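**Q** I'd like to go over a predicted model; first the sequence, then the structure.
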Amino acid sequence: MREETVQADMTVVGGGLAGICAAIAAARLGRSVALVHNRPVLGGNSSSEVRVWVCGATGHGVQRYARESGIMGELFVENQYRNPEGNPYIWDLVLLEAVKEEKNIRLFLNTDVHEVEASGSEDDRRIDAVTGWMMGSERRIRFLSGMYLDCTGDGLIGFLAGAKFRLGREARSEYNEEWAPDAADGITLGSTILFYTKDAGQPVRYQAPSFAKDIAKTSIPLKRVIRSGDSGCHYWWIEWGGELDTVHENERIRDELWAVIYGIWDYIKNSGQFDADHLTLEWVGALPGKREYRRFIGDYVLNQNDILAQTLFEDRIGFGGWSIDLHPPQGMYSTESGSKHLHSDGVYHIPFRSLYSVNTSNLMFAGRNISASHVAFGTTRVMATCAVLGEAAGTGAALCSKLGIAPRELYHTRLAELQQTMLRQDASVLGVRNEDAADLALRAKVTASSELRRLAVEQSDETFELKSDIGLLFPIDDEVQNVQLLVSAAADTCLEVELWDTGRAENYVPCRLQAQSATAVPNGDKVWVTVRLPWRPETPQNGFLIVKANEHVCLHVSHTPLTGVLSFIKGERPIVSADLEDHQPDQPIVQWSMKSLVRKPFCFRLDGDSGAYAASQAVNGYKRPYGGPNLWMSERLQQGDEVYVELTWDEPVVLSEVRLTFNDDCNEDLINLHHHRTPFDIIPELVKDYRIECAGQDGQWKLLHTEQSNRRRTRRHKLPQPVETDKLHLVVTATNGSPFAELVEIRVYE
């Protein structure tokens, strides 16, 4: 046996998405990181070993402008380009490469950490070291760090260190949660094993093993959707073990799941009810994907009421948007729906205080083991949200390591620094402005060669029968007087239209009625109808236009999207599977669906000029849609056009770095293993070709950097040497398909 000691600023245990994002975040901030994982591949439940879809705040398209940015966003967009087929092995490589690109990370795969040295009292613990065994290499490795992150999911590191935790469901009275049981118990969500099938091109015979379940003798065929062509996460409901200890009885749970999978396949192949002669099993998982075990206690325990109220925590460091998604304890054998769902009206916020231990001073955590009640965990547990929390925890741990303080002190004394650091890295934080004193762009006057001032979508590509109410969301930066709609009417009729606000800047549903009108519509094709809807909001925000159903009218739909404009249909249920049960079907977030109209706005015009896409929006401090699109957009580009954003300072400044954030359309729902496909591998709104130049002392423009074939949202360009200038240009020469040049943010550093 080989004994080793590894010293790093921080040790991250667990190489799922939370651990990966934590390690990358800290490494990019200059900290040395040991990333330790007990499996041969990274990715946890998303890896090729388990193959769970990476779901997050979009909720499969239920939430709007909710896809994660930051490191998780980078992984989504890169996988979209590298892995359009959703191959789980290519996803493994995307994750591995992302880690290997960071020179400050040392990766230890196949290393199971099961020893923890800790000191101090019960209420004031500190981790001194953790030790792991590298399987297959006979290496015993002791990791010494100032900060430790438990991203194991099961919470083994914190448990061995004596960190306080919860297991099971809290009583309803503890946090006054409607969905909590009357009495506390030890029930958790169960575990799942998935399987893949493929068409062999010829008849394939299947003989079930002796241990396979005869599922016809269970409730499974009666209560669960079974289809011969489905595989992978379509069978998420193959779940069991919620009434057991999902860790200590992991082997028993695995055996039961295997018995059911092989029984389901026997049912599909041999019952005669399915067209499955040519299908064969391609892959069956061997590792149960756990949903829930220990949840640590932090300085704040996130609960159901915070989720539904979308509590705007002062220490928010990320957001989620998946519904509160809880499953029956009996799992696949239950006679209830496979899961029940409760949505917030928009994305909700997660506080930093839920990411560090209440009694272990140098322990942070991220993933499904954060400080949340069982009910709140029902939404925070999905992997893209876990990744967002990993980036936040890694950033916080890196600052603690740099400053020599504990996370609690960071919260009390350096909260603004934490949030500003996260914004600088493009993390998923909403409603916090860039106030970075070092960002020279905030001191510049920002102009552009062109700005989209006229808010309109005029090109009709299809008609839409107005059989149900529709919604149209658009930004309002000053006031609205008239809205024009392109309609075709089979008879003279009257169109009823309403204009609503959305209540909160992060919400995209109608909240309060602001104006309404009934307008005569003449019989005719492609007629622009003017609707008077006067409203002057106190601050720039989104408006939600509702057009009432009318059997005589067709609206027109464009296939050219416009950032900041969304279309909705009322009553088109956003359901992924028949096994899902929405508990508030009349809730606006459920009623108003955009799924069949993604990237397809209704044709409309707004009177007057709009400042929603002005050049100044690129330095307004917001890095995501929030009460508006928060980006610069040029006028429609023509072949060969070059457009630019210009920064001008009153006095010359010295520049050494330019950071650009382009629009990767965070309304587009991306899934790593593609439960659905997009028609593009690169987000069309992303700027493709550009150059950065500055004004020289001779009055000529000096080229600083040229970029070709960009496909990423965030680009950081460090100049070979500092440059003194009073003007800077970002010149866009091509996009990846959009007819507009778009820039979310430009930052400039000395």
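**A** On my side now, so go ahead. Residues are numbered from 1 along each chain as shown.
**Q** any weak-confidence spans in the stretch 101-250 of the chain?
**A** Of all residues in the stretch 101-250 of the chain, none has pLDDT under 70.
**Q** show me where the protein has its helices.
**A** Secondary structure of the chain (DSSP state H): helices located at 17-28, 70-82, 88-100, 156-161, 172-175, 220-223, 250-270, 304-309, 374-380, 383-403, 407-413, 415-424, 588-591.
**Q** okay, Asp579: pLDDT?
**A** On the pLDDT scale, Asp579 is placed at 53.
**Q** in CSV: the helices of the chain, plus mean neighbour count and distance to Met364.
**A** For every residue, glycine as well, the C-beta is placed using N, CA and C. As requested, the helices of the chain are exported to CSV (neighbours: other Cβ atoms under 10 Å; distance: least, Cβ to Cβ, whole Å):
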stretch, mean neighbour count, distance to Met364
helix 17-28, 31, 8
helix 70-82, 23, 16
helix 88-100, 18, 19
helix 156-161, 24, 9
helix 172-175, 15, 23
helix 220-223, 15, 40
helix 250-270, 20, 26
helix 304-309, 20, 20
helix 374-380, 26, 15
helix 383-403, 28, 5
helix 407-413, 17, 6
helix 415-424, 19, 12
helix 588-591, 22, 32
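**Q** closest one to Leu189 among those?
**A** Smallest distance to Leu189 across the helices of the chain (Cβ to Cβ): 7.9 Å, for helix 374-380.
**Q** so for Tyr293, which of the helices of the chain sits nearest?
**A** Between these, helix 156-161 lies closest to Tyr293; by Cβ to Cβ that is 9.1 Å.
**Q** which strands or helices does the closest one pack on?
**A** Here helix 156-161 touches strand 111-121, strand 124-134, strand 147-150, strand 363-365, going by 3 or more Cβ pairs under 8 Å, 6 or more residues apart in numbering; DSSP states H and E.
**Q** how does it look with 6 Å?
**A** Helix 156-161 sits against strand 111-121, with contacts defined as 3 or more Cβ pairs under 6 Å, 6 or more residues apart in numbering; DSSP states H and E.
**Q** re the thing from before, in JSON lines: the helices of the chain, plus distance to Val480.
**A** Listed next are the helices of the chain as JSON lines, based on distance: least, Cβ to Cβ, whole Å:
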{"stretch": "helix 17-28", "distance to Val480": "41"}
{"stretch": "helix 70-82", "distance to Val480": "32"}
{"stretch": "helix 88-100", "distance to Val480": "44"}
{"stretch": "helix 156-161", "distance to Val480": "52"}
{"stretch": "helix 172-175", "distance to Val480": "41"}
{"stretch": "helix 220-223", "distance to Val480": "49"}
{"stretch": "helix 250-270", "distance to Val480": "55"}
{"stretch": "helix 304-309", "distance to Val480": "29"}
{"stretch": "helix 374-380", "distance to Val480": "35"}
{"stretch": "helix 383-403", "distance to Val480": "34"}
{"stretch": "helix 407-413", "distance to Val480": "42"}
{"stretch": "helix 415-424", "distance to Val480": "31"}
{"stretch": "helix 588-591", "distance to Val480": "21"}
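**Q** who wins for proximity to Arg205 among those?
**A** Arg205 lies closest, by Cβ to Cβ, to one member of those: helix 250-270, at 8.2 Å.
**Q** contact partners of that closest one?
**A** Residues outside helix 250-270 that contact it (Cβ atoms under 6 Å, 6 or more residues apart in numbering): 191, 193, 195, 206, 208-209, 211-213, 215, 228, 238, 240-241, 274, 276, 281, 284, 288.
**Q** mind redoing it with 8 Å?
**A** Contact with helix 250-270 is made by 190-193, 195, 197, 206, 208-209, 211-216, 220-221, 226, 228, 235, 238, 240-241, 244, 246, 273-274, 276, 279, 281, 284, 286-288, 290, 332, as judged by Cβ atoms under 8 Å, 6 or more residues apart in numbering.
**Q** isn't Asp123 up against Asn359?
**A** Yes. Using Cβ atoms under 8 Å, Asp123 is in contact with Asn359, at 5.1 Å.
**Q** so these two - more neighbours on which side?
**A** Just comparing Asp123 and Asn359: by other Cβ atoms under 10 Å the higher neighbour count belongs to Asn359, 20 against 10.
**Q** and that one, how far from Ala406?
**A** According to Cβ to Cβ, to the nearest Å, Asn359 and Ala406 sit 11 Å apart.
**Q** now swap in Leu442 and tell me
**A** 31 Å.
**Q** for His676, same thing?
**A** In this view, His676 and Ala406 are 44 Å apart by Cβ to Cβ.
**Q** comparing the two, which residue is more hemmed in?
**A** More neighbours surround Ala406 than the other of His676 and Ala406, with 19 against 12 (other Cβ under 10 Å).
**Q** which non-adjacent residue is nearest Ile220?
**A** Nearest non-adjacent residue to Ile220, counting by Cβ to Cβ, 6 or more residues apart in numbering: Met332, 5.7 Å away.
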